[in-house]
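Participant: Have a look; sequence and predicted model below, questions after that.
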Amino acid sequence: PRAHHDKHTMTSLADFVGHSKAPAPERAADDARRHAADDDHTAQSHAELVDRLPARTSAWQCCGSSMAELVANLRASGAFYYPLVGEAMRAVDRRHYVRFADFAYSDAPMALGLADECSGMSISAPHLHAACLQVLAPALRPGAWALDVGCGSGWMTAAMAHLVVGGEGDGADGLGFAFGLELHREGAAHAAETLERGNPELAVRTAFGSGDGALGWPGAAG
């Protein structure tokens with residue numbers, strides 16, 4: 001696990017910075033069209049959508065038999081409004097990030113089943129993930145860098161990575177990077193392993209490390 005974890009820490013960042021390049025014009029145009037088509041982004045302000053979240057969200061009532069159904073139920077309940085949030089959630093199937101796949105699509109938190117210092121770690125309920133992505137969505141544009149403090153299962157880091165790389169995750173266009181930070185090294189290693197198992201196409205655009213989240217990612221501030 002330690003070697004796997006090291007593979008996704010500062011070496012990943014150095015490789016990313018060293019090989020980044022500007023997106024091709026056609027890719028930039030595709031991204032512009034994709035975001036222009038997002039009616040929720042263009043028709044309403046971010047503040048208005050955030051204000052509406054608490055009144056519309058129906059917690060613990062959005063289970064499904066698949067990730068697609070879970071996300072559809074979350075959208076119908078008002079847990080999120082931006083279509084790109086639903087797109088990211090569908091792309092990161094929760095069953096790869098939980099301990100018991102049979103309960104992956106329940107709208108409830110679940111213990112990760114780790115030992116020792118990481119024994120209390122869990123994956124949050126899907127409606128909380130949806131609400132967080134809804135608030136962060138305006139900043140999670142292709143080309144952005146995102147930091148997930150308390151990355152736990154790695155699910156949120158993967159969803160953020162999906163958004164900041166423009167939904168592709170192929171690592172070839174120099175767009176976006178997501179960092180996952182966990183207090184303990186073993187927790188960060190677990191997040192890296194689950195992401196590579198669940199969304200290996202995003203592994204090249206993510207890095208995981210351990211440390212105090214209040215201090216941010218070492219060497220990446222500014």
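Facilitator: Happy to help now that I have it. Numbering: from 1, shown residues only.
Participant: Show me the shaky parts of the chain.
Facilitator: Scanning the chain for pLDDT under 70 picks out the ranges 1-61, 167-174, 220-222.
Participant: Just give me the longest helix of it.
Facilitator: In the chain, with assignment by DSSP state H, the single longest helix is helix 185-198.
Participant: Now do the SS call for L181.
Facilitator: strand (DSSP: H, G, I helix; E, B strand; the rest coil).
Participant: actually F208, sorry about that
Facilitator: Under three-state DSSP, F208 comes out as strand.
Participant: From G64, how far off is it?
Facilitator: Going from F208 to G64 by Cβ to Cβ, to the nearest Å gives 28 Å. Heads up, the C-betas are built off the backbone N, CA and C, glycines and all.
Participant: next one: L128
Facilitator: Counting by Cβ to Cβ, the separation of L128 from G64 is 16 Å.
Participant: that older thread, comparing F208 and G64, which residue is more hemmed in?
Facilitator: When F208 and G64 are compared for neighbours, F208 comes out ahead with 31 against 18, by other Cβ atoms under 10 Å.
Participant: ok, now which ones touch R99?
Facilitator: 110-113 (Cβ atoms under 8 Å, 6 or more residues apart in numbering).
Participant: My error: substitute G213 in the last question.
Facilitator: 149-150, 181, 183.
Participant: which among these gets closest to L70?
Facilitator: Ranked by distance to L70 (Cβ to Cβ), the contacts of G213 are led by G150 at 22.2 Å.
Participant: what about the helices in the chain?
Facilitator: Applying DSSP H to the chain gives helices spanning 2-7, 10-19, 25-36, 39-43, 46-56, 67-77, 83-91, 126-136, 155-164, 185-198.
Participant: tell me which residues of the longest one are tucked away?
Facilitator: Going back to what we said before, that points to helix 185-198. The neighbour-count check on helix 185-198 (16 or more other Cβ atoms under 10 Å) flags 185-196, 198 as buried.
Participant: Distance to W155 added to those, as TSV?
Facilitator: Below are these laid out as TSV (distance: Cβ to Cβ, whole Å):
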residue	distance to W155
R185	19
E186	17
G187	13
A188	14
A189	15
H190	12
A191	9
A192	12
E193	13
T194	8
L195	8
E196	13
G198	8
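Participant: Tell me which residues touch A130, please.
Facilitator: By Cβ under 8 Å, 6+ apart, A130 lies in contact with 71, 74, 79-80, 85, 89.
Participant: Y97 and A214, how far apart?
Facilitator: Counting by Cβ to Cβ, the gap from Y97 to A214 is 25 Å.
Participant: Same question for A158.
Facilitator: 23 Å.
Participant: Which one's more surrounded, those two?
Facilitator: More neighbours surround A158 than the other of A158 and A214, with 31 against 6 (other Cβ under 10 Å).
Participant: export stretch 190-202 as PDB, just CAs?
Facilitator: The C-alpha coordinates for stretch 190-202 follow below in PDB (Å, rounded to 0.1, in the frame of the first residue of the first chain):
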ATOM      1  CA  HIS A 190      -6.900   3.600   0.800                       C
ATOM      2  CA  ALA A 191      -8.400   6.500  -1.100                       C
ATOM      3  CA  ALA A 192      -5.700   6.200  -3.800                       C
ATOM      4  CA  GLU A 193      -6.400   2.500  -4.100                       C
ATOM      5  CA  THR A 194     -10.200   2.800  -4.300                       C
ATOM      6  CA  LEU A 195     -10.000   5.500  -7.000                       C
ATOM      7  CA  GLU A 196      -7.600   3.500  -9.100                       C
ATOM      8  CA  ARG A 197     -10.000   0.500  -8.800                       C
ATOM      9  CA  GLY A 198     -13.200   2.500  -9.500                       C
ATOM     10  CA  ASN A 199     -12.000   5.200 -11.900                       C
ATOM     11  CA  PRO A 200      -8.500   4.300 -13.200                       C
ATOM     12  CA  GLU A 201      -8.800   6.800 -16.000                       C
ATOM     13  CA  LEU A 202      -8.700   9.600 -13.400                       C
END
